[in-house]
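Enquirer: here is a sequence together with a model predicted from it:
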Amino acid sequence: MIYLDNAATSYPKPACVLAAIEHFARHCGGNPGRSGHVLSVNAARVIFEAREHLAELLNVSQAERIIFTKNATEALNIAVLGTVRPGDHVITTGMEHNSVMRPLRALEARGEITLSVASCGSDGTLAPEVVGGLVRGNTRLIVMTHASNVTGTLLPIEEVVSIARSNRVTTLIDAAQTVGAHPINLRALEPDLFVFSGHKGLLGPPGTGGLVIGEGVPLRPLMMGGTGSDSEREEQPDFLPDKFESGTLNGYGIAGLGAGVKFLLEKGVEAVREQEVALVAQLLAGLRQVEEVTVYGVPFPERMVGVVSFNVRDVPCSEVCQELADRFGVLTRAGLHCAPAAHRTIGTFPKGTVRVSLGYSTTEKEIEELVDSVKQIVSEHN
Amino acid sequence: MCQSVHHVMKAEKLLKGVGIPLKIINTPRWISSGCGVVIRVRTVDAGRAETICTDEGIALEGVYPYAAPGPGATQEPHRGEPIRDLPG
């Protein structure tokens, strides 16, 4: 079996991640911060260490500004709904996932915000000045992905953050596809809000993700409740991370996530990135040899993450994906990838694409086998 | 006593790192009725522990003596005088 659906969730998780989850279950099973007994304190230590590892990986000066959520979608909802106010204008891009588009479209439909969608090229690229041209007096927020989950195209977040800053507009970066696979330095980038997935490039288990809140950035919590702190008061604490972490945390998941991040710190994200760029180059070259195959996005591996979308002539993407899985054991994903906006941009709506997404453990041989499998499918459909 | 459990854990790591003996305990009821945890250190280490924590940006809510009120005292939280103001 060859797993090439890492943009949905990474597989396999490193052994240390599985071991950390088991260790948490056996030795740290308490509720962190709720009590002074050994299982609660051990749990709190594991959560603390996971936050510290993430702060090191992303270069965040205060680890408490990292909030754990159940996934990137929840973090994006907190960031969007906790920032905008009635009458605000919001800008996003034509390459976004529905985790961004749906909350924004819902606010727009309720008449609470007006929304502008910055046009992207049919290769998924974004010219930063397009975003700059959309800024109005009442623009509160710019939300954009770091890399498309459909084409893998990297978007110019540095330039857009800079444009937003000069216009005093809040920035929200959706880095679900880049964290762990592409070096990130938040002390240099300084976005106001930054969202990551815990179970993709960071190699943690599903049910993990998070939000990094810039220093002094005002944000309202979406959920309120018990935090184990300040229990005399019936009002939500105003300090981090407690303000945004009501209710019992996903201790098992965060233990695994912490181990995944530690694994990456030891391996080096730069090394993961280097390997991925080489494999994307191999994949693009392989697919482009086949005349019947259309590959979407930019043709430059260094301007992408390890996500590649393609179609085989007029063969439905679902059929190609199913054949890859059933006959060749190559696991990919077909369809719209929860990103209809991105598919409209690249001209594949509503038919969708076959998406191949690489991971830290993908090998040259696996890419070779995928390309050979696609060639065989093509020859049989001729 | 720290603002959040994250800061309790950070303080624990720092203080253990410099060899200050400590224990994480339930927040004593006479200090706060909050359900969290605090770090207990020896009185002799309290000043040094406080300086280390403050220098590292830990949000300290206070440093208090570990001394339960006597029988018949009010059940309301009363933190007592901060330990740094105690003689000696």
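Expert: Great, that's in hand.

Enquirer: rest of the way, CA atoms for contacts and neighbours
Expert: OK.

Enquirer: contact partners for the closest residue to residue A:197 other than its chain neighbours?
Expert: Counting by CA to CA, 6 or more residues apart in numbering or on different chains, residue A:209 is the residue found nearest to residue A:197 once chain neighbours are left out, at 4.2 Å. Taking CA atoms under 8 Å, 6 or more residues apart in numbering or on different chains as the contact definition, residue A:209 lies against A:68, A:69, A:70, A:71, A:72, A:75, A:195, A:196, A:197, A:198, A:199.

Enquirer: kindly report the same for residue A:288.
Expert: A:294, A:295.

Enquirer: what's the spacing between it and residue A:304?
Expert: Using CA to CA, to the nearest Å, one gets 16 Å for the distance from residue A:288 to residue A:304.

Enquirer: so what's the residue nearest to residue A:197 bridging to?
Expert: Under DSSP bridges, the beta-bridge partners of residue A:209 are residue A:69, residue A:197.

Enquirer: now do it against residue A:177, distance only.
Expert: Between residue A:209 and residue A:177 the distance, using CA to CA, works out to 12 Å.

Enquirer: three-state assignment of residue A:168?
Expert: Three-state secondary structure (criterion: DSSP: H, G, I helix; E, B strand; the rest coil) places residue A:168 in coil.

Enquirer: what's the local residue count around it?
Expert: Other residues near residue A:168 number 13, with proximity taken as other CA atoms under 10 Å in any protein chain shown.

Enquirer: how about residue A:374?
Expert: The burial metric for residue A:374, expressed as a neighbour count using other CA under 10 Å, is 23.

Enquirer: wait, residue A:20 touches residue A:256, no?
Expert: Yes - counting by CA atoms under 8 Å, residue A:20 does reach residue A:256; the two are 5.4 Å apart.

Enquirer: out of those two, which sits in the busier spot?
Expert: In this view residue A:20 and residue A:256 are compared by other CA under 10 Å, and residue A:256 has more residues nearby, 33 against 21.

Enquirer: next, the more buried one: phi, psi?
Expert: Summarising the backbone geometry of residue A:256 under the convention degrees, to the nearest 10, its torsions are phi -70, psi -40.

Enquirer: mind listing what the residue nearest to it when sequence neighbours are not counted touches?
Expert: Leaving aside its chain neighbours, residue A:256 sits nearest to residue A:17 (4.6 Å; criterion: CA to CA, 6+ apart). With contacts taken as CA under 8 Å, 6+ apart, residue A:17 has the following neighbours: A:203, A:204, A:205, A:255, A:256, A:257, A:258, A:259, A:260.

Enquirer: the fifth one: what's it in contact with?
Expert: Read that as residue A:256. Residues touching residue A:256, when contacts are defined by CA under 8 Å, 6+ apart, comprise A:16, A:17, A:18, A:19, A:20, A:21, A:204, A:205.

Enquirer: how about 7 Å then?
Expert: A:17, A:18, A:20, A:21, A:204, A:205 (CA atoms under 7 Å, 6 or more residues apart in numbering or on different chains).
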